[in-house]
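> Sequence first, then the predicted structure:
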Amino acid sequence: METGNSRDYIVRGIAADGEIRAFAVTSRNLVEEARKRHGTSPTITAALGRLLSAGAMMGIMMKGEKDLLTLKITSEGPVRGLTVTADSKGTVKGYPLVPVVNLPANDKGKFDVGGAVAPGQLQVIKDLGLKDPYVGTTQLVNGEIAEDLTYYFALSEQTPSAVGLGVLMNKNNTVRQAGGFIIQLMPHAKEETIAALEKTLADIKPVTTLLDEGYTPETMLELVLNGFDLEITDRSDAVFSCNCSQERVSRVLYSIGKEELDSMIEDGEPIEVKCHFCNEAYRFTVEELKEIRAEL
């Protein structure tokens, strides 16, 4: 079996003669990249990592080359919010509004992701190149992310789903394992298929346990869908990548207004603007600020 240091990737499969579709991801590297870029505490690494893993899988559910998915959590908890965007090719990026939140472990001895995130709302925004994007909004069930997405799929997309997500940390707070699965029942699924799947899912170990035991996305799905004739139909790399640039970030400066720009120019010092998604810093000289001001 593959080790935790191998490349992140997503698999897609069908089972039970097309009654079930399934996705699974291993995402240790991309979650670790997000942790390093945002300097997240372990609880927020776990929350953001779960959302990034889900975003990567939900992204490849879209068909168009330019389709974009955004998962946005507006939180009344201490994290205040999490945003992840993904495309249909396995590229994902995301950020927390508050990167450092330290809470005691929950009653299961795990990171209290729900305590950091809930209560709040989940928005799923799909830009499929149509006039208006699709927007689905649901209340958070418990802020643990997997259950919140299960509820979203049932309510907004009328698709009964099982979502498993997990992030496991090393003692030095780097990411040891990350990944997950999404199992979905198609409209023509038979009652006996549903009952058998529910029984299997009730006995499944946590995602982080499976990954730490050496399971891959393929073998994770084989375990969950044992006896359902799983067929893996596709495999895609998954990466944390941001398409920001000096030009894109400069749009922030165009939007802040003339008075604020005048004040910056008066200070006579270069300024630094960071990209929300990847924390990359872009420097603008006083001359560049003057050019932006002149264009306004």
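Nice, I can see it. The shown structure was predicted, so the numbers you read here are calculated from the model rather than taken from an experiment.
> going forward, measure contacts between C-alpha atoms and count neighbours the same way
OK.
> where in this structure is pLDDT low?
1-5 (pLDDT under 70).
> Who are the contact partners of residue 256?
Applying C-alpha atoms under 8 Å, 6 or more residues apart in numbering to residue 256 gives no contacts.
> Helices along the stretch 101-250 of the chain, start to end?
113-117, 146-156, 191-202, 207-212, 217-224, 246-255 (DSSP state H, counting those that start in this stretch).
> which of those helices is buried the deepest?
Greatest average neighbour count among the helices of the stretch 101-250 of the chain goes to helix 113-117 (a mean of 23), per mean count of other C-alpha atoms under 10 Å.
> which helices and strands does it pack with?
Helix 113-117 is packed against helix 42-59, with contacts defined by 3 or more C-alpha pairs under 8 Å, 6 or more residues apart in numbering; DSSP states H and E.
> Kindly recompute the last result at 10 Å.
Applying 3 or more C-alpha pairs under 10 Å, 6 or more residues apart in numbering; DSSP states H and E, one finds that helix 113-117 contacts helix 42-59, strand 68-75, strand 81-87.
> What lies in contact with stretch 130-137?
Residues outside stretch 130-137 that contact it (C-alpha atoms under 10 Å, 6 or more residues apart in numbering) are 67-73, 121-128, 152-153, 155-157.
> on that earlier part again, out of the helices and strands packed on helix 113-117, the one nearest residue 239 is which?
Relative to residue 239, the nearest member of the helices and strands packed on helix 113-117 by C-alpha to C-alpha is helix 42-59, separated by 8.5 Å.
> now the angle from the closest one to strand 81-87?
On the basis of axes from the mean of the first three to the mean of the last three C-alpha atoms, to 10 degrees, helix 42-59 is oriented at 30 degrees to strand 81-87.
> so how far is helix 42-59 from its chain's centroid?
4 Å (C-alpha atoms, centre = their mean, to the nearest Å).
> got the angle for it vs helix 146-156?
Using the same axes, to 10 degrees: helix 42-59 against helix 146-156 is 40 degrees.
> Tell me if I'm right that residue 53 and residue 45 touch.
No: taking contacts as C-alpha atoms under 10 Å, residue 53 lies outside contact range of residue 45: 11.7 Å.
> any idea how far residue 12 is from residue 144?
24 Å (C-alpha to C-alpha, to the nearest Å).
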